[in-house]
Each structure stands twice: as C-alpha cells, then as structure tokens.
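Engineer: sequence first, predicted coordinates after that:
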Amino acid sequence: MATSPKNRRNQLSSEKYQRLKAEAKAPYRGLRKTIYAVFAASGLIGAFVMVAQLAAGSNVTETVPNLGLQLGIVALMAWLFRQDSKAK
C-alpha cells in the first residue's frame, strides 16, 4: 500500500525534513563552499610564495602582478563564500 506524501513527511523528523528541503532549494551548497575554501587556501599559499619572492628581491616586476592575482583570488573566493552563506 502506497503512503501519501503527507504521511511520508510525518515519518521524517522535522530536522531532517528541513535539511532536505534546504538541499532541494540550493543543491550542492556544501560542495560549492568546500571548493571556495580550497581555492582560497590555494590563493593564500600562492600569496605567501609571492611575498617570499618579494622579500628575496627576485624579479619584482613579475612578482607584484602575480601577488595581486593571488590576493584577488582570495578576495573573490571569500566574497563567493559569503554570498552563498547569505543565500540560506
């Protein structure tokens, strides 16, 4: 005997139902946030390397734009992470 959608919803705990409902509205949010965090960490590591190169004084004309790019990536990922968090 098939159960109606209303009965199935009653069988789920309200917490689980809310979590499933949120996942249906914004699928893969956890995955997106993880990707943002990984890319931001990569940008921070790159920025650290660029700062070390600047401190060593090696090829400053190439290092400064690369540092700007790395910092821009970190800023973009932080902004995307924040936008995704606000959408909850």
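Structural biologist: Yes, it's here.
Engineer: and the closest residue to residue 80 other than its chain neighbours, how far from residue 19?
Structural biologist: Nearest non-adjacent residue to residue 80, counting by C-beta to C-beta, 6 or more residues apart in numbering: residue 36, 5.2 Å away. All C-beta spots, glycine's among them, are computed from the backbone N, C-alpha and C. Between residue 36 and residue 19 the computed distance is 21 Å (C-beta to C-beta, to the nearest Å).
Engineer: mind checking which of those two has more residues around it?
Structural biologist: residue 36 (20 against 12; other C-beta atoms under 10 Å).
Engineer: thought that one was touching residue 84?
Structural biologist: Yes - Residue 36 is within contact range of residue 84, at 7.2 Å (criterion: C-beta atoms under 8 Å).
Engineer: correct me, but residue 67 touches residue 48?
Structural biologist: No - with contacts counted by C-beta under 8 Å, residue 67 stays clear of residue 48, the gap being 9.8 Å.
Engineer: for the host helix or strand of residue 39, packing partners?
Structural biologist: Assigned by DSSP states H and E, residue 39 falls within helix 29-56. In terms of contacts (3 or more C-beta pairs under 8 Å, 6 or more residues apart in numbering; DSSP states H and E), helix 29-56 is packed against helix 60-86.
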